[in-house]
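Engineer: next come a sequence and a model predicted from it.
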There are 2 protein chains.
Amino acid sequence: MEESPSRGEQTRKAILQAAHDLFVQQGYHGTSMRQIAQRAGIALGGLYNHFASKEDVFQAVFFTYHPYHEVLPMITESQGNTLDEVVQDAARRMLEVVEGRPDFLNLMFIEVVEFKSAHAQQLMVDLLPRGVGILQHISRVGEGQMRPIPPHIVVRSFLGLFLSYYITDLVFAQASPPEFRQNAMQYFVDIYLHGLLKDPAALPDSK
Amino acid sequence: MEESPSRGEQTRKAILQAAHDLFVQQGYHGTSMRQIAQRAGIALGGLYNHFASKEDVFQAVFFTYHPYHEVLPMITESQGNTLDEVVQDAARRMLEVVEGRPDFLNLMFIEVVEFKSAHAQQLMVDLLPRGVGILQHISRVGEGQMRPIPPHIVVRSFLGLFLSYYITDLVFAQASPPEFRQNAMQYFVDIYLHGLLKDPAALPDSK
DNA sequence: CCTACCGATCGGTAGG
DNA sequence: CCTACCGATCGGTAGG
């Protein structure tokens, strides 16, 4: 049965939530321990009963709120009878997760810029076991339907599909006419599955 | 003929270079005006003869060193007889530009996180004229070779190809065996051009 | 372009 | 978990 969290654990969670919200909005060095304490509803000194330093707070936020918690299930839980359907389903989930969250990847950006990816190695160690499962999942789902492409490239390119849609949406959303955004994801998935080019066999000879 | 830059212009350039190097390594709020002054070889007070504020320095760095200065020529100057060859050539240029520069996109990340994309609109205004040229370029190069995909999606997905390769390389480079990185770009381009799936016409009926 | 300075705020801690 | 405090550093400026 569920343990009700102790007072201390509740406070710790409030600190993490407050710190996360401020970090993704202002960056690490742009956020002060006083701001975190205020938003968490405690005094500055109280922070240090839960975390040894500001960097320690970031580390806990980074592992607790890292996007992989939402992105990996998106990949492994997608359903469908063909690979085409599975990717479509994953793309739909992707849009749901990301809808109205323009700061979804900010924690990653902060880690890359302000921490020079200092925590990336630990993250990879945590994810390795899952990685194996994902590779097997891909092999099973895509069997016989894919062109000969190594499974790790399939994983990486699917994550890339996600990143490329999300980031270009950030860039183009501001300045493009709305009709440019409509169905953009459909086109991205279509290119990913079937390619940009016409089938060469279908091309008329040009000479 | 070339004007030799005045003393003041030389100092200004030294400040921008110093500020750029520090910003991409430490972020905006992680970099102090004193650090910038020291690296540029002047005293703190001297900075304010060239820039009104720290934010003013960042703005100038952002527009002077934005990756589009290198990415857009990569697209428009790529050569080849077929669209396949043009994309291959663009990918090759992409690797050249990015080789050994893991902080190539950091300015963009800083702008997104620490400035909430405050300068993005101005950037788009600056790029609009070029955008039209790129759309025409794509239409010309890809005529008759592409499946029916709107030109703006082609531009966006190609930028996405670049982003997806670059960022997943940042992530996977640390933890993956070296053979996983070999030829990864070739696979990315291959998927982009021809898709992940086998041609359905080539599939044996499964029932 | 430098020296010397301003008030404000930073991360962190002692003591209770 | 709070109050009150520490030394250090911040962005910026006056005056020359």
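Structural biologist: Nice, thanks for sending it over. None of these values were measured; they are calculated from a predicted model.

Engineer: near DNA strand C, which residues of chain A?
Structural biologist: A:31-35, A:44-45, A:48, A:52-55 (Cβ under 7 Å from any atom of the strand). The C-beta positions use only the backbone N, C-alpha and C, and glycine is treated the same way.

Engineer: can you select the buried ones from the residues you listed in PyMOL?
Structural biologist: A single PyMOL command selects the buried members of these (16 or more other Cβ atoms under 10 Å in any protein chain shown):
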select buried, chain A and resi 31+33+35+54
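
Engineer: in a markdown table: the residues of chain A next to DNA strand C, plus pLDDT, secondary structure and distance to DNA strand D.
Structural biologist: Converted to a markdown table, these look like this (pLDDT from 0 to 100; DSSP: H, G, I helix; E, B strand; the rest coil; distance: Cβ to the nearest atom of the strand, whole Å):
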| residue | pLDDT | secondary structure | distance to DNA strand D |
| --- | --- | --- | --- |
| A:Thr31 | 98 | coil | 14 |
| A:Ser32 | 98 | coil | 12 |
| A:Met33 | 98 | helix | 10 |
| A:Arg34 | 98 | helix | 9 |
| A:Gln35 | 98 | helix | 14 |
| A:Leu44 | 98 | helix | 5 |
| A:Gly45 | 97 | helix | 3 |
| A:Tyr48 | 98 | coil | 7 |
| A:Ala52 | 97 | coil | 14 |
| A:Ser53 | 98 | coil | 13 |
| A:Lys54 | 98 | helix | 12 |
| A:Glu55 | 98 | helix | 16 |
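
Engineer: which one of the residues of chain A next to DNA strand C is nearest to A:Glu99?
Structural biologist: Comparing those against A:Glu99 with Cβ to Cβ places A:Thr31 closest, at 25.4 Å.

Engineer: mind listing what the closest one touches?
Structural biologist: By Cβ atoms under 8 Å, 6 or more residues apart in numbering or on different chains, the contact set of A:Thr31 is A:19, A:22-23.

Engineer: just the ones of these in helices?
Structural biologist: Those of the contacts of A:Thr31 mapping onto helices are A:19, A:22-23, per DSSP state H.

Engineer: which of those count as buried?
Structural biologist: Buried residues within the ones in helices among the contacts of A:Thr31, counting neighbours by 16+ other Cβ under 10 Å: A:19, A:22-23.

Engineer: format those as JSON lines; extra columns: distance to DNA strand D and pLDDT.
Structural biologist: Formatted as JSON lines, these follow (distance: Cβ to the nearest atom of the strand, whole Å; pLDDT from 0 to 100):
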{"residue": "A:Ala19", "distance to DNA strand D": "14", "pLDDT": "98"}
{"residue": "A:Leu22", "distance to DNA strand D": "17", "pLDDT": "98"}
{"residue": "A:Phe23", "distance to DNA strand D": "18", "pLDDT": "98"}
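
Engineer: which helices and strands does the lowest-mean-pLDDT helix or strand in chain A pack with?
Structural biologist: Using mean pLDDT, DSSP states H and E, helix A:120-142 stands out as the lowest-scoring helix or strand of chain A, at a mean of 89. Judged by 3 or more Cβ pairs under 8 Å, 6 or more residues apart in numbering or on different chains; DSSP states H and E, the packing partners of helix A:120-142 are helix A:54-65, helix A:68-76, helix A:83-98, helix A:151-173, helix B:151-175.

Engineer: quick one: the last one near chain A?
Structural biologist: Yes - part of helix B:151-175 sits close enough to chain A to count as contact by Cβ under 8 Å from any Cβ of the partner chain, namely B:152-154, B:156-157, B:159-161, B:163-165, B:167-168, B:170-172, B:174-175.

Engineer: residues near A:Pro148, how many?
Structural biologist: Neighbourhood size, A:Pro148 [other Cβ atoms under 10 Å in any protein chain shown]: 5.

Engineer: what helix or strand does it sit in?
Structural biologist: Taking DSSP states H and E as the definition, one finds A:Pro148 inside no helix or strand.

Engineer: ramachandran angles for it?
Structural biologist: phi -70, psi 100 (degrees, to the nearest 10).

Engineer: what's the closest residue to A:Glu70 other than its chain neighbours in contact with, if anything?
Structural biologist: Distance criterion Cβ to Cβ, 6 or more residues apart in numbering or on different chains; nearest residue to A:Glu70, sequence neighbours excluded, is A:Val97 at 5.1 Å. Contacts for A:Val97 (Cβ under 8 Å, 6+ apart) come out as A:70-71, A:74, A:104.

Engineer: which one among the residues you listed gets closest to DNA strand C?
Structural biologist: A:Phe104 (23.9 Å; Cβ to the nearest atom of the strand).

Engineer: show me what from chain A comes close to DNA strand D.
Structural biologist: Contact residues, chain A versus DNA strand D (Cβ under 7 Å from any atom of the strand): A:7-8, A:11, A:37, A:41-46, A:49-50.

Engineer: of those residues, buried ones?
Structural biologist: A:11, A:37, A:42, A:50.

Engineer: just these: which are in helices?
Structural biologist: Among these, the ones falling in helices (DSSP H) are A:11, A:37.

Engineer: just the closest of the buried ones among the residues of chain A next to DNA strand D to DNA strand C, please.
Structural biologist: Using Cβ to the nearest atom of the strand, A:Ala37 comes nearest to DNA strand C of those, at 9.1 Å.

Engineer: okay, the closest one: pLDDT?
Structural biologist: A:Ala37 carries a pLDDT value of 98.

Engineer: show me what contacts it?
Structural biologist: So A:Ala37 contacts A:15, A:43-44, A:46-47 (Cβ under 8 Å, 6+ apart).

Engineer: any chance of a markdown table for the residues you listed, columns distance to chain B?
Structural biologist: Shown next, in a markdown table, are these (distance: Cβ to the nearest Cβ, whole Å):
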| residue | distance to chain B |
| --- | --- |
| A:Ile15 | 21 |
| A:Ala43 | 24 |
| A:Leu44 | 19 |
| A:Gly46 | 24 |
| A:Leu47 | 19 |
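
Engineer: quick one: low-confidence ranges for chain A?
Structural biologist: Applying pLDDT under 70 to chain A flags the ranges A:1-3, A:200-207.

Engineer: residues touching the residue nearest to the spatial centre of it, list them.
Structural biologist: Among the residues of chain A, the one closest to the centroid is A:Pro67, at 3.7 Å (Cα atoms, centre = their mean). A:Pro67 is in contact with A:104-105, A:107-108, counting by Cβ under 8 Å, 6+ apart.

Engineer: could you do A:Ile167 as well?
Structural biologist: By Cβ under 8 Å, 6+ apart, the contact list for A:Ile167 reads A:105, B:160, B:163, B:167.
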